[in-house]
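> no sequence for this one, just the structure:
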């Protein structure tokens, strides 16, 4: 891994989207690991794919793991 930018994935919201923070800035909402990989690519990690998202230590997952995208139950 060429970079060590900090990444935080927030808990799923009421729509199942998870906010993505990269290097201190919210870059958008992800609805899948594929979306997270795309944000990572846009941040300069062009070769980052879905498996990298699941395996990397760069990402801190809040409120669930990479496979958790369901909205919270009410």
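Perfect, thanks for sending it. From a predicted model like this one, the values you see are computed outputs, not experimental measurements. Numbering: from 1, shown residues only.

> test my guess that residue 37 contacts residue 46.
No: using C-beta atoms under 8 Å, residue 37 makes no contact with residue 46, being 10.5 Å away. Glycine gets a C-beta too; all of them are placed from N, C-alpha and C.

> looking at the two, which one has more neighbours?
More neighbours surround residue 37 than the other of residue 37 and residue 46, with 20 against 9 (other C-beta atoms under 10 Å).

> how many residues are close by residue 73?
Residue 73: 4 surrounding residues under other C-beta under 10 Å.

> can you start the count at 517 instead of 1 from here on
In the new count, where the first residue is 517, that last one comes out as residue 589.

> hang on, it in a helix?
No: using DSSP: H, G, I helix; E, B strand; the rest coil, the assignment for residue 589 is coil, not a helix.

> helix or strand for residue 586, which one?
Using DSSP states H and E, residue 586 sits within no helix or strand.

> tell me the contacts of it?
Residue 586 sits next to 528, 532 when contact means C-beta atoms under 8 Å, 6 or more residues apart in numbering.

> how about the helices in this structure?
For the chain, the helices defined by DSSP state H occupy 549-558, 566-571.

> which residue comes closest to residue 580 once chain neighbours are left out?
Leaving aside its sequence neighbours, residue 580 sits nearest to residue 527 (C-beta to C-beta, 6 or more residues apart in numbering; 6.1 Å).

> what about that neighbour, how many residues close to it?
Residues lying near residue 527 (other C-beta under 10 Å) number 13.

> which residues touch it?
534, 578-580, 588 are the contacts of residue 527 under C-beta under 8 Å, 6+ apart.
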